[in-house]
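Visitor: Sequence and predicted structure below; questions after.
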Amino acid sequence: MPEPTRRAPSGAAALRADKTAAIAEAVLDELAEHGYGRLSMEAVAKRAGVGKSALYRRWPSKQHMIIAVTSELSVELAEAPDTGSLHGDVLAMLGAVADWLTHPRFSRIFPDLIAEANRDPDLAQALARSIGEPRRSRVTDVLDRAVRRGELPPDTDRELALDLLGALVYWHVSIRGVRPDAGYLERTAGTVLRALGARPAV
């Protein structure tokens with residue numbers, strides 16, 4: 001599936017930022033209420049107070065529209081802190097994952113998207129490319145800084161570390177249905193640091 005692209009507006013029909021924002025909000029609301037499978041371009045346009053053509057001027061299809069809107073929210077919520085220590089960075093990142101998974105609307109959207117992605121390889125690839133890869137790239141930068149500070153070994157398995165940073169909070173929130181408190185996040189940060197063989201900065 002090609003990368004999401006926007007159709008270039010013709011003539012004076014410039015894409016208005018306020019309409020784009022209204023459409024994005026409508027997409028999130030429709031996803032939260034009806035899910036990916038039942039979302040329609042007509043319903044989004046009606047909720048946003050625009051014509052359906054306004055959607056197609058921005059995105060060529062329903063899937064492109066949904067990926068663009070959900071990825072913008074998801075990547076925006078990806079914390080890539082530089083607190084000066086790996087412990088502080090990990091704690092902030094775990095908190096950001098928890099905030100993402102418990103977001104008032106995205107907490108209802110995310111499980112549905114994952115279920116749809118399991119049935120639709122094109123959607124799965126689009127989600128990985130537009131949400132997973134940018135989020136993981138930000139965290140990789142944090143791990144690389146920790147290596148330069150001497151807090152992580154140079155041969156740290158980045159891919160395994162990235163999985164570890166998300167997996168515990170994901171299980172806690174999405175599988176067990178429990179919102180993590182500060183104590184849980186602190187304990188999880190300690191577990192992650194021990195698993196990665198972290199040491200004080202030199």
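Guide: Received, thanks.
Visitor: Just give me the longest helix of this structure.
Guide: Longest helix of the chain, by residue count under DSSP state H: helix 17-38.
Visitor: helices or strands up against it?
Guide: Counting contacts by 3 or more Cβ pairs under 8 Å, 6 or more residues apart in numbering; DSSP states H and E, helix 17-38 is packed against helix 41-48, helix 52-56, helix 62-76, helix 106-119. Backbone N, C-alpha and C define where each C-beta goes, glycine included.
Visitor: Tell me the buried residues in that helix?
Guide: Residues of helix 17-38 classed as buried: 19-20, 22-24, 26-32, 35-36 (neighbour count, 16 or more other Cβ atoms under 10 Å).
Visitor: Please apply the same query to stretch 76-87.
Guide: Under the neighbour-count criterion of 16+ other Cβ under 10 Å, stretch 76-87 has 78-81, 86-87 buried.
Visitor: Just give the closest residue to the residue nearest the centre of the chain, not the sequence neighbours.
Guide: Nearest residue to the geometric centre of the chain (Cα atoms, centre = their mean): residue 74, 2.8 Å. Nearest residue to residue 74, sequence neighbours excluded (Cβ to Cβ, 6 or more residues apart in numbering): residue 131, at 4.6 Å.
Visitor: quick one: the longest helix of the chain to helix 62-76, angle?
Guide: In terms of direction (axes from the mean of the first three to the mean of the last three Cα atoms, to 10 degrees), helix 17-38 departs from helix 62-76 by 110 degrees.
Visitor: Give me the distance between helix 17-38 and the centre of its chain.
Guide: Its chain's C-alpha centre and that of helix 17-38 lie 16 Å apart, by Cα atoms, centre = their mean, to the nearest Å.
Visitor: Just the angle for it relative to helix 41-48, thanks.
Guide: Using the same axes, to 10 degrees: helix 17-38 against helix 41-48 is 140 degrees.
Visitor: All set, thanks.
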